[in-house]
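> When you get a sec, could you give me coordinates for this:
(one chain, ligands or ions: 2)
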Amino acid sequence: MNDEFSHRLPGDRHPVTEIARILRVDHAGEYGATRIYQGQLDVLGAGRAAAETRRMAEAEKRHLTRFETLLRERRVRPTALHPLWSVAGYALGVATAVLGERAAMACTVAVEEVIDEHYRVQAEQLVAEDPALREMILSFRDDELAHREAAIAYGATETAGYDLISAGVKTGSRLAIWLSTRF
Ligand SMILES: [Fe+2]
Ligand SMILES: [Fe+2]
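Numbers count the residues shown, from 1 in each chain. Ligands and ions are numbered 1, 2, ... in the order given. The predicted structure follows:
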């Protein structure tokens, strides 16, 4: 066994592999977010909620670009499920926006709450392994929490069926994270 990793227990993952998984799933998540917002914007058209959604979508595009660069630099392959997230993300965006602006915002609250938790766990994993990446993820997490606040300000939690939308979107988001980490 390589000395550098001899302190690791059998079954512990090599940090490079671990970081590749982190980059892959985060890239997938930010891509999915851009697709959700695209679906919502295609339905919402103009108006105040659409303008806010467009601002959030711009942030997701910035996040996505950073992860694209990191995947390239570190030669990490993107998830094989990319085409699925394109369709599923877009469909989720359309479906929630069709229910109304508040339902669209409820989708954002649910997604961001899952991502908050997801990025928090990763930040803990990266303390020793990659402090620079950790800082980036924590700053993205701040953006996601701001999106959550904005969506609540637009009445997300007052939409009819909020609990149902929230539970469904959270389950779907967690499943997407699980799959994108592995495939
Ligand atoms: Fe994001
Ligand atoms: Fe976001």
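
> can we go C-alpha only for contacts and neighbour counts from here?
Fine.

> quick one: contacts for Ala49?
Ala49 is in contact with Glu101, Tyr154, counting by CA atoms under 8 Å, 6 or more residues apart in numbering.

> Can you name the next helix or strand after the host helix or strand of it?
Following DSSP states H and E, one finds Ala49 within helix 48-73. Sequence-wise, the next helix or strand downstream of helix 48-73 (DSSP H and E) is helix 82-98.

> Which helix or which strand is home to the closest residue to Ala151 other than its chain neighbours?
Distance criterion CA to CA, 6 or more residues apart in numbering; nearest residue to Ala151, sequence neighbours excluded, is Met105 at 4.9 Å. Using DSSP H and E, Met105 sits in helix 101-129.

> distance of Ile19 from Leu175?
20 Å (CA to CA, to the nearest Å).

> returning to what we had before: count the neighbours of the residue nearest to Ala151 for me.
29 (other CA atoms under 10 Å).

> who are the neighbours in contact with it?
Residues near Met105 by CA under 8 Å, 6+ apart: Ala151, Ile152, Tyr154, Gly155, Ala156.

> Buried by neighbour count, from these: which ones?
Neighbour-count burial (16 or more other CA atoms under 10 Å) applied to the contacts of Met105 gives Ala151, Ile152, Tyr154, Ala156.

> What is the burial count for the residue in the chain that ligand 1 sits nearest to?
For the chain and ligand 1, the shortest gap (CA to the ion) falls at Glu60, measuring 4.2 Å. When neighbours are defined as other CA under 10 Å, Glu60 has 23 of them.

> most centrally placed residue in the protein?
Gly29 (3.5 Å; CA atoms, centre = their mean).

> Please identify which helix or strand holds that one.
Assigned by DSSP H and E, Gly29 belongs to helix 15-44.

> helices and strands around that helix, which ones?
Packing contacts for helix 15-44, counted by 3 or more CA pairs under 8 Å, 6 or more residues apart in numbering; DSSP states H and E, involve helix 48-73, helix 82-98, helix 101-129, helix 162-182.

> In stretch 169-183, which residues are buried?
Residues of stretch 169-183 classed as buried: Val169, Lys170, Ser173, Ala176, Ile177, Ser180, Thr181 (neighbour count, 16+ other CA under 10 Å).

> and Gly93, what does it touch?
Contacts of Gly93 by CA under 8 Å, 6+ apart are Arg35, Ile36, Tyr37, Gln38, Gly39, Gln40, Ala104.

> Who wins on neighbours among those?
For the contacts of Gly93, the largest number of neighbours (other CA under 10 Å) sits with Ala104, at 31 neighbours.

> I'd say that residue and Gln40 touch.
Yes. Between Ala104 and Gln40 there is a contact at 6.9 Å, judged by CA atoms under 8 Å.

> Now list whatever residues contact both of those two.
Gly93, Thr96, Ala97.

> Now for the last one, how many residues are close by?
In other words, Ala97. When neighbours are defined as other CA under 10 Å, Ala97 has 24 of them.
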